[in-house]
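*Asks:* mind folding the following:
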Amino acid sequence: MYSYIKGTLEERDELTITVENGGIGYLINMPFALSSELGHLGSEVKVYVYQSVKEDDISLFGFNTRDSKDMFMRLISVSGVGPKVAHSICSQLSPEKFAMAVISGNVASLTQVKGLGKKGAERIIVDLKDKMKEDSIANRGKSVAVVEDTESGIDRTVISGADTSVIKDAEDALVMLGYKPDLAVVAVAQSYEEGISLENLIKKALKAASGGKFA
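*Replies:* Model (predicted):
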């Protein structure tokens, strides 16, 4: 199983890219909405990949960030959601917008994705909400808005004046997208500011967590 491929971006069209590494050209399924963020042809790129193996086909699906790949992995864990549909969702919705759609139960937001119908969108929301409840930080004995990271020297204190419902939803969003609860708590707490929207808090916390700031 590949984690990522580093190499030279040799070719790109609306649906795929070719990355050369060690004299081998890897054909990767990656819609232009994602691959356009990699850079220009001839540049050195790092593409996170998932290898799909079927009886009659072996394919690579590419992502420009680890968060997008983690989102993809969550999606294909849902019954009835295959790699192609999951990849299409990832190419049209950012991780924070996807998390928002699941948390708020926004079926319409998901059905805007080509190839995803209402029943499929509802199944994704119900399934991932159930998993989110199982992994919920609150269910693991954590208090909303409480930072618990002695190694980093951060105090175990409730954020003064914090909107705890926004913080809890952001923490659960990060956990749903594959982050460990402890990392989610610290990343969200450090990203929080008064009046911030849930979507922006998720976006800032994902950036902090994926950058390894609190790893």
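
*Asks:* do you know the pLDDT at residue 109?
*Replies:* As predicted, residue 109 sits at a pLDDT of 92.

*Asks:* and it, what element?
*Replies:* Element membership of residue 109, judged by DSSP states H and E, is helix 107-111.

*Asks:* in which helix or strand would I find the closest residue to residue 22 other than its chain neighbours?
*Replies:* In this structure, residue 22 finds its nearest non-sequential neighbour in residue 7, 7.8 Å apart by Cβ to Cβ, 6 or more residues apart in numbering. Heads up, the C-betas are built off the backbone N, CA and C, glycines and all. Counting by DSSP H and E, the element that carries residue 7 is strand 4-12.

*Asks:* residue 107 contacts residue 120, doesn't it?
*Replies:* No. Assessed by Cβ atoms under 8 Å, residue 107 is found out of contact with residue 120, at 9.7 Å.

*Asks:* can you list the domains in the chain?
*Replies:* Domains of the chain are assigned by automatic domain parsing as 4-63, 68-135, 138-210.

*Asks:* now render these as TSV, adding mean neighbour count.
*Replies:* TSV is the format used below for these (neighbours: other Cβ atoms under 10 Å):
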stretch	mean neighbour count
domain 4-63	15
domain 68-135	18
domain 138-210	18
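
*Asks:* and the ones you listed, which one's lowest on average pLDDT?
*Replies:* domain 138-210 (a mean of 74).

*Asks:* ok, what's across the strand from the residue nearest to residue 22?
*Replies:* Here residue 7 sits in beta bridges with residue 45, as judged by DSSP bridges.

*Asks:* now the farthest one out in this structure, which residue is it?
*Replies:* Here the centre of the chain is the reference, and by Cα atoms, centre = their mean the most remote residue is residue 23, at 30.9 Å.

*Asks:* so which elements touch the helix or strand that contains residue 89?
*Replies:* Assigned by DSSP H and E, residue 89 belongs to helix 83-92. Packed against helix 83-92 by the contact rule (3 or more Cβ pairs under 8 Å, 6 or more residues apart in numbering; DSSP states H and E) you find helix 32-35, strand 57-63, helix 66-76.
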